[in-house]
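K.L.:
Predicted structure and sequence below. I'll ask about it afterward.
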Amino acid sequence: MNLAVRSLLASCLCLFIGTKENYAFKQDIRHEELLSELNKRNLGIPTGLGVGITQVEAPAALLGDPVTSIEFLPDTTNAQFIGKTISNGSEETWGSNVANASNHATGVGLNLYGNSNSIASGISSITVYEARDWLDRGWGTGTPPTETNRLQNHSWVAWNQNTNATRRMDFAVERDGFLPIVGLYNSDSGDQNVPSDIPDIYGSIYNGISVGISDGTHRSGLTAFDGTGRTKPEIVAPASFTSFSTPIVTGAAALLIEAAGADTAANDQLTLKAIILAAADKSPFPDWDQTNTRPIDEVYGAGQLDVYEAYFIQNAGQQLHGNTIGRRGWNLDSLQANSSHEYQLAVPSGFVLKNLSALVTWNRQIVRSQIGNGPLAILQYNPSLANLSLELRETGGSSLYVSDSSVDNIEHIWRDAQNILSPGSYTLRVTTDLPAEYALAWRSELFQDYTLWQAANFRTTPLDEQDPEDDPDADGIVNLLEHAFGGDPENQDTHILPLSYLIEENGNTYLEIRFRKPTYTNGLIYKPETVQMLTGDWSSDEADITLKSITPDSGEFEWHTFRRVHPVQSSRQAFVRIDVSTVIL
C-alpha cells in the first residue's frame with residue numbers, strides 16, 4: 001500500500017452526539033418547510049430511496065484517537081443505521097485489522113443517512129473506504145475504477161500539492177456521471193500561515209461541490225493547485241465542523257435524485273450541482289457579495305443549502321433555450337464553440353421580479369493518455385476548460401449584469417429584493433468559447449403589493465376610491481380583498497369570495513372554508529380562523545383549524561382549503577373566516 005500521502009486530516013476531530021449536527025439543521029435548510037408544503041399538496045416525500053453512496057473516511061488513527069488498529073467504519077450497531085447495508089470497500093486491504101467503529105465515520109453517517117437524524121433516511125446502501133486505500137485503488141495513481149454509486153461523500157482532506165487526485169476525480173466524474181461532495185479544512189486546521197489553504201484533495205476539484213460551514217469557521221478563499229484562483233467553497237451548511245456539513249449537502253443531492261425519478265436530465269450530475277447552488281440561501285449572510293469575475297462569495301460560496309428551493313427548482317421541470325421560462329426551472333444542454341443560448345424572462349405589468357438567482361455550471365474535461373507500455377508506462381491526465389459566461393440583459397436593450405470568471409466553472413447572477421426587475425422582457429444568455437455541456441438553474445419571486453396592483457387594475461375609478469377599504473364596484477368586496485382573492489375592483493365578481501361548507505368524513509361532520517390565494521407574493525397575510533361562539537376569541541391555532549389541501553385554479557391562483565378540527569356534532573354552532581392583513585415591514 002502506497003503511504004506517500006503527506007497528510008490525511010479529517011475535517012473534524014470529534015463528534016458531538018445530540019447537538020445541532022443531528023437534527024436542528026433541518027429547519028435551517030428549510031427541510032421541515034419542504035415536508036409541510038409537500039404534505040399540503042399531497043405529494044410524495046423524497047428521502048434518497050434507492051440512491052447508492054460511497055463514503056470515504058480518514059482512518060481514526062490519523063485523527064488522534066487512541067486506537068490499537070485502524071478504524072474508519074461507522075458503528076453499524078447504532079439504531080440510526082437499522083435497515084442499512086454498510087459495506088467495507090477496503091476489506092481486501094485491511095481485512096481483520098479493522099477494529100472498533102470510528103466516531104467520525106458514525107457522525108458523518110448520522111447526518112447523511114441516519115433514520116431520523118438525516119434528511120435522506122431512505123439511503124440504505126453505503127460503501128465505505130479507508131482514505132489511503134481509496135487513493136491506492138486508482139484515485140491517486142493509475143486509473144480510477146468505475147464508480148457505480150451516484151454520490152460520493154468526502155469528509156476528509158489531504159494536501160499533496162499536486163494534480164494527481166484532482167484530475168483523476170474530474171476524469172471519473174465525466175466518465176461515470178456521479179457527483180462528489182467534499183469538505184474543506186476547518187478554520188483551525190491546515191497551514192495557518194496561508195490565508196487561503198484549499199487542499200488539493202478534494203477541495204480543488206472542478207466537477208463536484210465543496211462545502212463549508214454556515215458560521216464561516218472553515219478555510220476559504222482561492223485555490224492554489226490545479227487551476228489557481230478559483231473560489232471555494234461553493235456552498236455552506238449548518239454544522240459545527242465541515243465533516244458534518246458535507247454529508248448534509250450529500251443528503252440533499254440524494255433527495256433530489258429520488259425526486260427526479262426516471263428523468264435522467266433532472267438527476268444528471270451537472271443538473272444537480274446547478275440546482276443545489278442556484279437554490280442556496282443568501283439571507284443569513286448580510287455581507288454576501290460577488291463581482292463580475294468572482295461569481296460567488298469568498299467565504300459562503302453561493303450561500304446556505306436550501307432544500308425547499310432546490311426541490312421546487314427541480315420540480316418546475318426542464319425548460320429549453322429559445323423560450324420564455326418560468327419563475328423556477330433548469331435546463332441541461334450543449335453549446336458549440338463560440339455560440340450562445342438565450343432564455344427569455346417576462347415580468348408582467350403590475351408586477352416586479354425579485355431575488356433572481358441564476359447559475360450555470362459545466363465540467364472540466366480530462367483526456368487520459370498513456371505513454372509507453374508495461375510497468376514503466378506513464379498515464380497522463382490532461383485538462384481543458386471551456387470559458388462560459390452568464391449575462392442578464394433587457395431584451396433588445398442594455399446589459400444589466402455579466403458573470404464572467406476566467407477560471408471558475410460556475411457563473412452566477414444574483415439580484416436581491418433591492419435590485420428588482422420592473423415589468424418588461426429580459427434575456428439570460430449563456431455563451432462559450434469551446435464546445436461544452438452545461439446545466440443552468442434559476443429561481444425568482446414574482447411580487448405585487450397593493451400599490452402595484454392599484455396601478456395595474458384601476459382604469460376608470462377616481463383616485464379617492466382606490467384606497468384598500470373602498471368598494472368602487474359596490475359588490476360588497478373592498479379593494480384589499482379584491483387584491484387578495486384575485487378580483488376586478490371595477491366589475492362585480494362575488495365568485496372570488498371564500499366558500500364555507502359542511503363535509504362528511506368517517507361519520508363526522510366538519511366545517512371547512514376554501515379561498516383563492518396567488519402563487520406569487522403580494523405583501524398580504526392570510527390567516528384562517530375559527531370560533532364556536534361569536535362572543536368568543538377567534539383562533540388560528542392548528543389544534544383548532546388546519547390546512548387540508550392546496551389545489552390549482554386558473555391563472556396564478558390556487559385554492560386553499562382549511563378545516564375546523566372539531567366536528568360540528570361536538571358543538572351546536574361554529575364559525576370560520578379568513579383574516580387578511582398587510583405585512584408590516
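P.N.:
Structure's in. What do you need?
K.L.:
So which residues of the stretch 251-400 of the chain form helices?
P.N.:
269-279, 307-315 (DSSP state H, counting those that start in this stretch).
K.L.:
I'd like to know which of those lies nearest to residue 258.
P.N.:
For residue 258, the closest of these is helix 307-315, at 10.7 Å, according to CB to CB. All C-beta spots, glycine's among them, are computed from the backbone N, C-alpha and C.
K.L.:
Now do the buried residues in that closest one.
P.N.:
307-314 (16 or more other CB atoms under 10 Å).
K.L.:
Then stretch 115-123?
P.N.:
Neighbour counts using 16+ other CB under 10 Å place 115, 117-123 of stretch 115-123 among the buried residues.
K.L.:
so can I have CSV of the helices of the stretch 251-400 of the chain showing mean pLDDT and distance to residue 244?
P.N.:
As requested, those are exported to CSV (pLDDT from 0 to 100; distance: least, CB to CB, whole Å):
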stretch, mean pLDDT, distance to residue 244
helix 269-279, 98, 17
helix 307-315, 98, 16
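K.L.:
Looking at the ones you listed, which is nearest to residue 412?
P.N.:
The nearest among these, by CB to CB, is helix 269-279 at 7.4 Å.
K.L.:
Quick one: distance of that closest one to the chain centre.
P.N.:
Centroid separation for helix 269-279 versus its chain: 7 Å, with CA atoms, centre = their mean, to the nearest Å.
K.L.:
can you pull the pLDDT of residue 159?
P.N.:
Each residue has a pLDDT score; the one for residue 159 is 84.
K.L.:
That one against residue 200, yeah?
P.N.:
Yes. If you go by CB atoms under 8 Å, residue 159 and residue 200 touch, sitting 6.6 Å apart.
K.L.:
ok, residue 93 to residue 318 distance?
P.N.:
Distance, residue 93 to residue 318, by CB to CB, to the nearest Å: 42 Å.
K.L.:
more neighbours, these two?
P.N.:
Between residue 93 and residue 318, residue 93 has the larger neighbour count (other CB atoms under 10 Å), namely 18 against 14.
K.L.:
Pretty sure that one sits in a strand.
P.N.:
No. In this structure, residue 93 is helix, not part of a strand, as judged by DSSP: H, G, I helix; E, B strand; the rest coil.
K.L.:
nearest spatial neighbour of it, skipping sequence neighbours?
P.N.:
residue 133 (4.4 Å; CB to CB, 6 or more residues apart in numbering).
K.L.:
three-state assignment of the one you found?
P.N.:
helix.
K.L.:
Isn't it up against residue 95?
P.N.:
No. Using CB under 8 Å, residue 133 is not in contact with residue 95, being 11.2 Å away.
K.L.:
Run through the bridge partners of residue 183.
P.N.:
Beta-bridge pairing for residue 183 (DSSP bridges): residue 211.
K.L.:
residues touching it, list them.
P.N.:
11, 154-157, 203, 210-211, 242-243, 245-246 (CB atoms under 8 Å, 6 or more residues apart in numbering).
K.L.:
Where does residue 550 sit, in terms of helix or strand?
P.N.:
Assigned by DSSP states H and E, residue 550 belongs to strand 545-552.
K.L.:
what's the average pLDDT for that strand?
P.N.:
Mean predicted lDDT for strand 545-552 stands at 94.
K.L.:
counting contacts, what elements does it pack onto?
P.N.:
helix 31-40, strand 524-531, strand 557-564 (3 or more CB pairs under 8 Å, 6 or more residues apart in numbering; DSSP states H and E).
K.L.:
can you list the domains in this protein?
P.N.:
Residue ranges for the domains of the chain, per automatic domain parsing: 18-317, 331-446, 451-582.
K.L.:
picking up where we left off before, partner strands of the strand holding residue 550 and their direction?
P.N.:
With DSSP bridges as the test, strand 545-552 pairs up with strand 557-564 (antiparallel).
K.L.:
contact partners of stretch 461-481?
P.N.:
Taking CB under 8 Å, 6+ apart as the rule, stretch 461-481 contacts 450, 454, 458, 483, 485, 487-494, 496-497, 524, 580, 582.
K.L.:
Please flag which of these sit within helices.
P.N.:
450, 454, 483, 485 (DSSP state H).
K.L.:
can you tell me which residues contact residue 404?
P.N.:
292-293, 387, 389-391, 411.
K.L.:
same question, residue 549
P.N.:
Neighbours of residue 549 in contact, by CB under 8 Å, 6+ apart: 40-42, 559-561.
K.L.:
quick one: low-confidence ranges for the stretch 51-200 of the chain?
P.N.:
Flagging of the stretch 51-200 of the chain using pLDDT under 70 yields the residue ranges 61-69, 96-97, 99, 190-195.
K.L.:
how does it look with 50?
P.N.:
66-68 (pLDDT under 50).
K.L.:
show me where it has strands.
P.N.:
Secondary structure of the stretch 51-200 of the chain (DSSP state E, counting those that start in this stretch): strands at 53-57, 85-88, 125-130, 151-154, 156-158, 179-183.
K.L.:
ditto for the stretch 301-450 of the chain
P.N.:
Per DSSP E, counting those that start in this stretch, the stretch 301-450 of the chain carries strands over the ranges 328-335, 339-347, 352-362, 365-371, 378-384, 388-394, 399-403, 410-415, 424-432, 436-447.
K.L.:
Could you name the helices and strands sitting against the second one?
P.N.:
Using 3+ CB pairs under 8 Å, 6+ apart as the contact test, the elements touching strand 339-347 are strand 328-335, strand 352-362, strand 424-432, strand 436-447.
K.L.:
Now the longest one: buried residues?
P.N.:
What that stands for is strand 436-447. Of all the residues in strand 436-447, those buried under the rule 16+ other CB under 10 Å are 436, 438-447.
K.L.:
now, among those residues, which is nearest to residue 70?
P.N.:
residue 439 (39.0 Å).
K.L.:
For the closest one, which residues count as its bridge partners?
P.N.:
Using DSSP bridges, the bridge partners assigned to residue 439 are residue 332, residue 361.
K.L.:
and it, what does it touch?
P.N.:
Here residue 439 is in contact with 268, 270-271, 273-275, 330-333, 360-362 (criterion: CB under 8 Å, 6+ apart).
K.L.:
And it, how far from residue 241?
P.N.:
Counting by CB to CB, the gap from residue 439 to residue 241 is 30 Å.
K.L.:
can you check residue 393 too?
P.N.:
To residue 241, residue 393 is 42 Å away according to CB to CB.
K.L.:
higher neighbour count, those two?
P.N.:
Ranked by neighbour count (other CB under 10 Å), residue 393 and residue 241 place residue 241 first, with 26 against 16.
K.L.:
hang on, isn't that one packed against residue 185?
P.N.:
No. Look at residue 241 against residue 185 with CB under 8 Å: they stay out of range, at 10.1 Å.
K.L.:
isn't residue 574 right up against residue 568?
P.N.:
Yes. The pair residue 574 / residue 568 is scored as a contact, 6.2 Å apart, by CB under 8 Å.
K.L.:
got the angle for the strand holding residue 550 vs strand 524-531?
P.N.:
130 degrees (axes from the mean of the first three to the mean of the last three CA atoms, to 10 degrees).
K.L.:
starting at the chain centroid, how far to strand 545-552?
P.N.:
With CA atoms, centre = their mean as the basis, the mean position of strand 545-552 lies at 26 Å from the chain mean.
K.L.:
what are the C-alpha coordinates of that strand, in PDB please?
P.N.:
Coordinates of the C-alpha atoms in strand 545-552 are reproduced here as PDB (Å, rounded to 0.1, in the frame of the first residue of the first chain):
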ATOM      1  CA  ILE A 545     -58.200  24.800  12.200                       C
ATOM      2  CA  THR A 546     -55.800  23.000   9.900                       C
ATOM      3  CA  LEU A 547     -54.900  23.100   6.200                       C
ATOM      4  CA  LYS A 548     -56.400  20.100   4.300                       C
ATOM      5  CA  SER A 549     -55.300  20.700   0.700                       C
ATOM      6  CA  ILE A 550     -54.000  23.100  -2.000                       C
ATOM      7  CA  THR A 551     -55.300  22.600  -5.500                       C
ATOM      8  CA  PRO A 552     -54.700  24.600  -8.700                       C
END
